[in-house]
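> How does the following fold in three dimensions:
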Amino acid sequence: MVNSPGTVLNTPHRDRRNIGIIAHIDAGKTTVSERFLLYAGVTREPGEVHDGRAQLDWMDLERERGITITSAATTFTWRETGVTLIDTPGHVDFTAEVERSLRVLDGAIGVFCAVAGVQSQSESVWRQADKFRIPRLVYINKIDRDGADFYSVIDEIASRLHPGILPLQMPVGSGKEFRGVVDLISQRFFVWEGEFGEDIRSSELSSEYKRKAFEKRRNLIERLADHDDGVAESFLADEEIGQEVLTSVIRRLTIEGRLVPAFCGSALKNMAVQPLIDGIIDFLPSPEESVTEQAGMKNGEPISVNVACDPEKTLLAFVFKVQQDKFLDRLAYIRVYSGSLHTGDVVTAVSAGKQEKILRIVRMHADRRSNLKAATAGDIVAVSGLKYSVTGETLCGAEPCVQFEPLRFASPVASVVIEPAGKIDEDRLRHGVSRLCEEDPSVTISEDEESGNLVLQGMGELHLDVLYQRLVREYGVKARVGQPQVAYRESVSESACGEALIDREHMGSRQYAHLRLAIFPGERDSGVVLLRQANGPKHLPEPLIQAVEEGVRSTAEAGPLSGYPVMDIRVEIADADYREGVSDEIAFRIAAAMALKNGLAQAKPIVLEPVMRLEIVTPEEYLGAIVSNAAKKTGRIESVEDRQGGKVVQAYVPLRLLFGYSSELRSISQGRAGLTIQFSRYERFAGN
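Take a look at the predicted model:
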């Protein structure tokens, strides 16, 4: 009997889990997710990424390219527990999808390749989960591949990601000899049989593995004893510790973030996935056990928002994703933290300051949906009817309204110019681009001043290509697209002051504003920081301070050298003068713009360029040629490390030198080297 996704979560909060799958591209996370659905009875046979049949990769572009582009949500039931699962992208260009998914989840599973180990993007998404304090499990996949080394990956995770990694299983064999796993808690050997690994057989340990498994179980208990007095007392007294006690202690320490249980197997070969699903239930938190406080705002002041999972409290929900759905036109994915939401309810969109009506509530299964009458605390659902709410919006049911801290995404680092074929295509292009920008907060759009063409900005070549393909396929746009360009920025290298005086007649009335701004180089990736009268006058009214801030931020969108946006500066109001009756917001906004322009010109402005981190995995015979090639690109080689069957090169190279580098690397290595490129930071342009 196949279960219908989306109709299975009529369970108490303690019997729910909201989890995500995170990994480097090609680690096998979507394959793992598809096996979850298979064993939970949602599907009849496994959906495979390599043949385009994965249910969670529902976009045509995902199936054609064999990668996850957009996060997909689904639900299933396991051991009478309702699980909401979000499968996230593994490619660095789509990191924003990972960020906003992790923001609303209670737990996550990090999937690692048993051969490749900790790769660059797996490290990045792990740090994202750290930011949101999300408890995790680890699944070391592809144990059946040649070169697989479970314990080497465990050591790598311990040294690079989390020292509390705790193996709960021991693989028996590796590569083609992988036969099954030993469960260290129960001390039994498990194998998977049947067409899709649905038949699980367990047996006593043979003498060949009994001693080793006993030692590893003892080591597991010793590590638990370091954190739990009860386990320590039993261990020192040489008393047997039951499975329920061990499971309970591991669960508590996992939720506290002190331990990360590790599992292993081969999802593609249908081996050892079910114990991982058990681990979700046994060790990851329910919504009511999750983090209960988050940063937020109320009446413009920072506060700590209590998000205790209680359906009887006032509605408090967070919009973490907006999607242009072909059936409902516009879907908003939300996490309900407290209270309940019903079809027809009117809610407050706090940031927008608007009332919104909920027309429909649905449970998602990739691109399919099932209707719900209501959603309660702990639910992750999608709703239609929201006209003003965008990604990062807070929905409240009644006053007083609080607001969650909004999501922040990295700035785009690459751009392309898109030229429509005709007038009809221009209208379609603008419509399509506005929709894509609304869906994806890491996308921005601007207009080329000389040609009037739209400039689409994103996180890399693949991201831009996917956006263009979506415009063509989903919005019927016919357009020419230019070569990818670098998204440069401007900053300052010294401190300076800029001054402006507005004293004029304007539309029959006098305007007056006198302002002096101090400009300093800011911290890396800080953007534009305005300090309100840090060392200056204390009497400037709040509306005029806000006008100064608006003037500073709008002017910083185009720097003095080449018109690139300005970043990493600190601006202080050093002095200001206003006069009652003749000083208004317009005057101070203009004065702020003039003062900032004057100050930037004197602060020795510089151009910044995006620098990318490269991870190249290559057979050793190509190492010299690859290192030499990277060095020629003014790249900095950070490290060269050994990895099973080859070498791993970590380097930093400016983005302007990397367009087309994938093809170049294939030529150097005869197609045998692998490459991951991800944004690292902005640095001073070498030609400054």
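
> Please look at Arg473 and Asp60 and confirm they touch.
Yes. Contact criterion CB atoms under 8 Å: Arg473 and Asp60 qualify, at 7.0 Å. For glycine as for every other residue, the C-beta is placed from the backbone atoms N, C-alpha and C.

> how many neighbours does Asp278 have?
Here the neighbour count serves as a burial measure; for Asp278 (other CB atoms under 10 Å) it reads 14.

> so it sits right up against Val83, yeah?
No. Applying CB under 8 Å, one finds Asp278 not in contact with Val83, separated by 11.5 Å.

> Which residues are in contact with Pro311?
By CB atoms under 8 Å, 6 or more residues apart in numbering, Pro311 lies in contact with 338-340, 376-377.

> can you redo those residues as TSV with secondary structure?
Rendered in TSV, the data for the contacts of Pro311 read as follows (DSSP: H, G, I helix; E, B strand; the rest coil):
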residue	secondary structure
Ser338	strand
Gly339	coil
Ser340	strand
Thr376	strand
Ala377	coil
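
> pLDDT on the host helix or strand of Ile86, on average?
Take DSSP states H and E as the rule and Ile86 turns out to sit in strand 81-87. When pLDDT is averaged along strand 81-87, the result is 94.

> got it, and stretch 14-32?
Averaging the model's pLDDT scores along stretch 14-32 yields 91.

> Quick one: residues contacting Val138.
Residues touching Val138, when contacts are defined by CB under 8 Å, 6+ apart, comprise 109-112, 157, 165, 260-263.

> now, which of those residues sits nearest Leu531?
Closest to Leu531 out of those is Gly110 (39.2 Å), distances taken as CB to CB.

> That closest one belongs to a strand?
Yes. Per three-state DSSP, Gly110 lies within a strand segment.

> Would you mind giving me the PyMOL syntax to select the buried ones in the contacts of Pro311?
This is how PyMOL selects the buried members of those, with burial counted by 16 or more other CB atoms under 10 Å:
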select buried, resi 338+339+340+376+377
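
> Return the member of the contacts of Val138 nearest to Ser562.
Gly110 (41.3 Å).

> Looks like the closest one contacts Asn141 (just checking).
No. The criterion here is CB under 8 Å, and Gly110 misses it with Asn141 at 10.3 Å.

> Using CSV, lay out the contacts of Pro311 together with distance to Leu236 and pLDDT.
Output for the contacts of Pro311, formatted as CSV (distance: CB to CB, whole Å; pLDDT from 0 to 100):
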residue, distance to Leu236, pLDDT
Ser338, 44, 90
Gly339, 48, 92
Ser340, 49, 94
Thr376, 46, 94
Ala377, 43, 92
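
> low pLDDT regions in the stretch 51-200 of the chain?
In the predicted model of the stretch 51-200 of the chain, residues 51-54, 58 satisfy pLDDT under 70.

> could you pull out the strands for it?
72-78, 81-87, 107-113, 136-141, 165-167, 169-172, 180-183, 188-193, 199-203 (DSSP state E, counting those that start in this stretch).

> can you tell me which of those strands comes nearest to Ser234?
Nearest to Ser234, of all the strands of the stretch 51-200 of the chain, is strand 165-167, at 17.8 Å by CB to CB.

> Show me what the closest one is packed against.
In this structure, strand 165-167 packs against helix 150-160, helix 207-225, strand 260-264, with contacts taken as 3 or more CB pairs under 8 Å, 6 or more residues apart in numbering; DSSP states H and E.

> of the ones you listed, which approaches Val443 most closely?
Nearest to Val443, of all those, is helix 150-160, at 30.9 Å by CB to CB.

> Name the residues that touch the closest one?
For helix 150-160, the external contacting residues (CB under 8 Å, 6+ apart) are 112-114, 117-118, 123, 138, 140, 143, 165, 167, 171, 174, 260, 262, 264, 644.

> okay but Cys309 is in contact with Ser338, surely?
Yes. Judged on CB under 8 Å, Cys309 makes contact with Ser338 at a distance of 6.6 Å.

> what's the overlap in contacts for the two?
Contact with both Cys309 and Ser338 is made by residues Ala377, according to CB under 8 Å, 6+ apart.

> burial measure for the residue lying closest to Leu56 once chain neighbours are set aside, as a count.
The shortest distance from Leu56 to any residue other than its chain neighbours is 4.2 Å, reached at Ala72 (CB to CB, 6 or more residues apart in numbering). Ala72 has 27 neighbours, counted by other CB under 10 Å.

> Show me what Ala72 is bridged to.
Asp87 (DSSP bridges).

> residues contacting it?
Contacts were defined as CB under 8 Å, 6+ apart; by that measure Ala72 touches 56-58, 86-87, 364, 366-367.

> and what of Leu464?
Neighbour list for Leu464: 414-416, 456, 458, 484 [criterion: CB under 8 Å, 6+ apart].

> Wasn't it part of a helix?
Yes. With three-state DSSP as the criterion, Leu464 is located in a helix.

> Can you tell me the closest non-neighbouring residue to it?
In space, Leu464 is closest to Gly458, 4.7 Å off (CB to CB, 6+ apart).

> ok, now Phe76?
Across the structure, with CB to CB, 6+ apart as the measure, the residue nearest Phe76 apart from its sequence neighbours is Ala40 (3.7 Å).

> Quick check: the one you found touching Asp278?
No. Ala40 lies out of contact with Asp278 (CB under 8 Å); the separation is 11.8 Å.

> Give me the common contacts of those two.
Residues touching both Ala40 and Asp278 by CB under 8 Å, 6+ apart: Trp78.

> before we move on, the earlier item: tabulate the contacts of Pro311 (CSV), appending distance to Asp577.
What follows is these, written out as CSV (distance: CB to CB, whole Å):
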residue, distance to Asp577
Ser338, 48
Gly339, 49
Ser340, 53
Thr376, 55
Ala377, 52
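
> and which of the contacts of Pro311 is nearest Gln187?
For those, the closest approach to Gln187 (CB to CB) belongs to Ala377, at 39.6 Å.

> Which phi and psi values does that closest one adopt?
When quoted as degrees, to the nearest 10, the phi and psi of Ala377 stand at phi -50, psi 130.
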